[in-house]
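1. predicted coordinates and the sequence they were generated for:
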Protein chains: 2
Amino acid sequence: MSTIESMTITRGQADRRQAILEGAFTVFARRGYAQACVKEVAAEAGVAKPTVYNHLNDKATLFRQSVQAAAQVVLDERLAALEPLKEPDDLHATLEDVGHRLLQLHTDDRSCALRRLLYAEITQFPDLIDIVVENGPHRLTQALADRLARLTLAGRLRANDPDQAAEQLIALLTGPLEARSRMGTRQIDDAELHQLARAAIRTFLATFGTADG
Amino acid sequence: MSTIESMTITRGQADRRQAILEGAFTVFARRGYAQACVKEVAAEAGVAKPTVYNHLNDKATLFRQSVQAAAQVVLDERLAALEPLKEPDDLHATLEDVGHRLLQLHTDDRSCALRRLLYAEITQFPDLIDIVVENGPHRLTQALADRLARLTLAGRLRANDPDQAAEQLIALLTGPLEARSRMGTRQIDDAELHQLARAAIRTFLATFGTADG
DNA sequence: CGATGATTGAACTCATGGGTACAAGCTATT
DNA sequence: AATAGCTTGTACCCATGAGTTCAATCATCG
């Protein structure tokens, strides 16, 4: 079938492009933008240097595309982590679980590398702000605010300003990480993440909780 | 007097070194480490390129020293901002004022540039962690925890774990900034900083406050 | 005034790395 | 089998910038 074969062709090309973008992100994460060389990206992706330039115009687009792809993955993971808040049985326990999951995602290698890269190159690539930041933290806060609003309507929370509540919950969760992880260079073990999540939820519920969990 | 004159000599040399370090930080903040060139640093400091190499061995030490100097300034400013907590009259109002001051310092140009530079180059300069992070955020949290502990002993707060309380207070204050300032690229007006400080202190006191302010 | 030492500008060396050219090989459609 | 399009390795061009050298200049001190 020509359709299947053409599928395999385009699949093969798409796979190659995908491999290049993933290799590029790996190398950029390891070295930073300026120190990363395209030769190393090609090696990481298992292709030749001219092939890289065949798929992406230049180093800058290579960077933009790879960062954008990584950001998409990271955002999807976080949005998925909010799912349990749709039908929480034990609200306190569910909040702790979701918080813990968010902390795990926040501290994983890809996420830390992405954050470092954005901070590093945001002045050189200001267009990444719109592409990544607006579609990243902002949409996560929005999605969380939606959940908190529903829970408030159901009488299980007192978050009259759900946007602010979501903002503060995320701050309570991830804020302490920056110092503790020494800017993402130290791994934090799971027990410590649990502690942080419990402490964050305790403070959050002291302000926004109701009598019945 | 030879002492005075030798003072002026060393003063002159020290001033030149100081000018070079400040110019270096300005240029590094503007371009990032790799994109910054020593020629531009020399121009910013108003000296010739060989003079830079006469005071600092190479570009790496130039970077380390300039970042370290900037971090010292930033830390001192923040520690000074905690002073009002020593003898608070109206505790709620004092906390809001201190919080607001911390937010102002957190969003000023030098502070944002320093944060970006650290995130950017921390993998290339891992020794900066010990020099800067330990003496920066960590010592601020410690100093704040000291204040909260005193206030708890005086019966004006209920921060039985002052380290955690300090950590969460700083998180409530500065966490929302990252998203709102779009990683330090957007200026936030003072009214918005006031709002953020008020919201943070409200949540903080809901957990750690007592009946009598 | 003369000497010592820092400063200056300009030219230079050298390594790095982005990006391209080209010839040879591989793959898939006809 | 044959043609067309990617891919590959290698070699190359060229811009950038770190770090140095050197002769000339300036400031400071005895």
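-> Happy to help now that I have it.

2. can you report phi and psi for residue A:58?
-> As for residue A:58, its main-chain torsions (degrees, to the nearest 10) stand at phi -150, psi -180.

3. and it, how many neighbours?
-> Look at residue A:58: counted by other C-beta atoms under 10 Å in any protein chain shown, it has 10 neighbours. All C-beta spots, glycine's among them, are computed from the backbone N, C-alpha and C.

4. again, but for residue A:52
-> 22.

5. so how far is residue A:42 from it?
-> Computed as C-beta to C-beta, to the nearest Å, the residue A:52 to residue A:42 distance reads 5 Å.

6. tell me, what's touching the two both at once?
-> residue A:20 (C-beta atoms under 8 Å, 6 or more residues apart in numbering or on different chains).

7. where exactly do the strands run in chain A?
-> Assigned strands in chain A: none (criterion: DSSP state E).

8. so which residue is dead centre in it?
-> Geometric centre of chain A, nearest residue: residue A:74, 3.0 Å, by C-alpha atoms, centre = their mean.

9. how does chain A divide up, domain by domain?
-> Per automatic domain parsing, the domain ranges recorded for chain A read A:1-56, A:64-208.

10. in TSV: those, plus distance to chain B and mean pLDDT.
-> Formatted as TSV, the domains of chain A follow (distance: least, C-beta to the nearest C-beta, whole Å; pLDDT from 0 to 100):
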stretch	distance to chain B	mean pLDDT
domain A:1-56	3	83
domain A:64-208	2	96
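
11. tell me the most buried of those?
-> domain A:64-208 (a mean of 18; mean count of other C-beta atoms under 10 Å in any protein chain shown).

12. spatially nearest residue to residue A:29 (excluding sequence neighbours)?
-> residue A:113 (3.4 Å; C-beta to C-beta, 6 or more residues apart in numbering or on different chains).

13. identify the residues contacting the one you found.
-> A:25, A:29, A:70, A:184 are the contacts of residue A:113 under C-beta under 8 Å, 6+ apart.

14. so residue A:101 touches residue A:85, yeah?
-> No. Applying C-beta atoms under 8 Å as the test, residue A:101 and residue A:85 come out as separate, 10.8 Å apart.

15. before we move on, the earlier item: so which of the contacts of residue A:113 reach DNA strand C?
-> Counting by C-beta under 7 Å from any atom of the strand, nothing from those sits close to DNA strand C.

16. which of those fall within helices?
-> Applying DSSP state H to the contacts of residue A:113, the entries found in helices are A:25, A:29, A:70.

17. I'd guessed the first one sits against residue A:70; true?
-> Yes. The pair formed by residue A:25 and residue A:70 meets the contact definition of C-beta under 8 Å, at 4.9 Å.

18. now for the two: what residues contact both?
-> Between them, residue A:25 and residue A:70 share the contacting residues A:110, A:113, judged by C-beta under 8 Å, 6+ apart.

19. quick one: the helices in chain A?
-> A:2-31, A:38-45, A:49-55, A:59-81, A:91-107, A:109-121, A:127-128, A:137-153, A:162-180, A:190-208.

20. what does chain A have sitting close to DNA strand D?
-> A:13, A:16, A:46-51, A:54-55.

21. repeat that with 6 Å
-> A:13, A:16, A:47-51, A:54 (C-beta under 6 Å from any atom of the strand).

22. contacts with DNA strand C among the residues you listed, please.
-> A:49-50.

23. what residues are up against the closest residue to residue A:39 other than its chain neighbours?
-> Distances taken as C-beta to C-beta, 6+ apart place residue A:49 nearest to residue A:39, at 5.7 Å, with adjacent residues excluded. Residue A:49 makes contacts with A:38-39, A:42, as judged by C-beta under 8 Å, 6+ apart.

24. turn these into a markdown table, columns for distance to residue B:63.
-> A markdown table is the format used below for the contacts of residue A:49 (distance: C-beta to C-beta, whole Å):
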| residue | distance to residue B:63 |
| --- | --- |
| A:38 | 25 |
| A:39 | 25 |
| A:42 | 29 |
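
25. quick check: residue A:174 touching residue A:102?
-> Yes. In this structure residue A:174 lies within contact range of residue A:102 using C-beta under 8 Å: 7.4 Å.

26. any idea how far stretch A:194-202 is from the chain center?
-> 20 Å (C-alpha atoms, centre = their mean, to the nearest Å).

27. quick one: contacts of that stretch?
-> Contacts for stretch A:194-202 (C-beta under 8 Å, 6+ apart): A:92, A:95-96, A:99-100, A:103, A:169, A:172-173, A:176-177, A:180, B:164, B:168, B:207.

28. specify which member of those residues is nearest to DNA strand C.
-> residue A:177 (31.5 Å; C-beta to the nearest atom of the strand).

29. the closest one and residue A:115, how far apart?
-> On the measure of C-beta to C-beta, residue A:177 and residue A:115 end up 10 Å apart.

30. ok, for residue A:152, nearest residue in space, not its chain neighbours?
-> Spatial nearest neighbour of residue A:152, excluding adjacent residues (C-beta to C-beta, 6+ apart): residue A:159 at 4.7 Å.

31. phi and psi next, for the one you found.
-> phi -110, psi 80.

32. you'd agree it is up against residue A:151?
-> Yes. Assessed by C-beta under 8 Å, residue A:159 is found in contact with residue A:151 at 7.3 Å.

33. was I right about residue A:133 contacting residue B:181?
-> No. The criterion here is C-beta under 8 Å, and residue A:133 misses it with residue B:181 at 10.1 Å.

34. any shared contact partners between the two?
-> In contact with both residue A:133 and residue B:181: no residue, using C-beta under 8 Å, 6+ apart.

35. out of the contacts of stretch A:194-202, what pair is the most spread apart?
-> Spatially, the most separated pair among the contacts of stretch A:194-202 is A:92 and A:180, at 23.5 Å (C-beta to C-beta).

36. mind giving me CSV with the residues of chain A next to DNA strand D and columns for distance to residue B:140?
-> Output for the residues of chain A next to DNA strand D, formatted as CSV (distance: C-beta to C-beta, whole Å):
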residue, distance to residue B:140
A:13, 52
A:16, 48
A:47, 47
A:48, 50
A:49, 47
A:50, 51
A:51, 49
A:54, 50
